[in-house]
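*Asks:* Whatever this is, show me its structure:
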Amino acid sequence: MRQLARIVPESHGDELVVAHIEGEVDMSNAPAIGKRLRDLLTNRSTALIVDLGPTTHLDSSGIALLFALADELRRRQQRLHLVVPGGAHLGRVIAITGLDRAVPTHATVEAALAGAR
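*Replies:* Next up is the predicted model:
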């Protein structure tokens, strides 16, 4: 596994976690990214907010990871929220794949935090 991406976690109490993904997510690191995201959650967590603002590349394996993570969290009574800043190049990919219709998507971390509360 190449480390193309780095996750910078940010806790907001016991219930909310923001994960800023910096760099590239592709088939070589998507499984490790998924494990790291899952490891950030506890049984007390109500939501995981994934900030894609600092993400420079997200291929189909990264998109599949986010769809799978959203389904998994739903089954656990938890929610996934995405941050895709306005004008971000990933916004088009998120829209074309329908991920923005399956997962609440916000322009800022602050908006995502408000939506997750």
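
*Asks:* residues contacting Pro104?
*Replies:* Arg79, Leu80, His81, Leu82, Ala112, Gly115, Ala116 (CB atoms under 8 Å, 6 or more residues apart in numbering). Yep, even glycine has a C-beta here, placed from its N, CA and C like the rest.

*Asks:* pLDDT score assigned to it?
*Replies:* If you check Pro104, the pLDDT there is 97.

*Asks:* returning to that earlier point: kindly present the contacts of Pro104 as TSV, with separate columns for pLDDT.
*Replies:* Shown next, in TSV, are those (pLDDT from 0 to 100):
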residue	pLDDT
Arg79	97
Leu80	98
His81	98
Leu82	98
Ala112	98
Gly115	95
Ala116	96
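
*Asks:* Narrow the residues you listed to those in strands?
*Replies:* Arg79, Leu80, His81, Leu82 (DSSP state E).

*Asks:* Tabulate the CA atom coordinates of stretch 102-117 in CSV.
*Replies:* Extracted in CSV, the C-alpha atoms of stretch 102-117 (Å, rounded to 0.1, in the frame of the first residue of the first chain):
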residue,chain,number,x,y,z
ALA,A,102,-27.1,9.0,-1.1
VAL,A,103,-25.1,10.9,1.5
PRO,A,104,-25.7,14.4,3.0
THR,A,105,-23.2,16.7,1.4
HIS,A,106,-22.2,20.1,2.7
ALA,A,107,-20.0,23.0,1.5
THR,A,108,-18.2,23.5,4.8
VAL,A,109,-17.2,21.5,7.8
GLU,A,110,-19.3,23.9,10.0
ALA,A,111,-22.4,23.2,7.9
ALA,A,112,-21.7,19.4,8.2
LEU,A,113,-21.4,19.7,11.9
ALA,A,114,-24.7,21.6,12.1
GLY,A,115,-26.4,19.0,9.9
ALA,A,116,-25.0,16.1,11.9
ARG,A,117,-26.2,17.4,15.3
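
*Asks:* That stretch: which residues count as buried?
*Replies:* Ala102, Val103, Pro104, Thr105, His106, Val109, Ala112, Leu113, Ala116 (16 or more other CB atoms under 10 Å).

*Asks:* Give me the distance from it to the chain's centre.
*Replies:* 11 Å (CA atoms, centre = their mean, to the nearest Å).
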